[in-house]
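A.B. asks: make a model of this:
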Amino acid sequence: MVEADGRVLVPGWYASRFQPSGQVLESEMILRFTVVGGLISDYRVFEDSLGITRTYLGEPLTTTPA
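C.D. replies: I've put the predicted structure just below:
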């Protein structure tokens, strides 16, 4: 965890199975929390949205140039 000026960054990792493809995506992510007065006022998840889309659709995660 990293904290500065009321923002906390938390690195993480997840694995999810997506339907309808049935494929599993393993990926890293970062959670960003904003803390005001000791309470979380905002949070954001930064993740591999292209990887999620490709896994959901059953496409390969990497492509080779034509």
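A.B. asks: sheet-wise, list the partners of the longest strand along the chain with their directions.
C.D. replies: Longest strand in the chain, counting residues (DSSP state E): strand 24-36. Strand pairing for strand 24-36, using DSSP bridges, gives strand 7-17 (antiparallel), strand 39-46 (antiparallel).
A.B. asks: residues touching the most centrally placed residue in the chain, list them.
C.D. replies: For the chain, residue 47 is the residue whose C-alpha lies nearest the centre (Cα atoms, centre = their mean; 2.4 Å). By Cβ atoms under 8 Å, 6 or more residues apart in numbering, residue 47 lies in contact with 14, 27, 28, 29, 30. Where C-beta positions appear, they are placed from N, C-alpha and C, glycine not excepted.
A.B. asks: out of these, which is nearest to residue 59?
C.D. replies: residue 27 (15.0 Å; Cβ to Cβ).
A.B. asks: backbone phi and psi for the closest residue to that closest one other than its chain neighbours, please?
C.D. replies: In this structure, residue 27 finds its nearest non-sequential neighbour in residue 48, 4.7 Å apart by Cβ to Cβ, 6 or more residues apart in numbering. Note on residue 48: its backbone torsions stand at phi -80, psi 90 [degrees, to the nearest 10].
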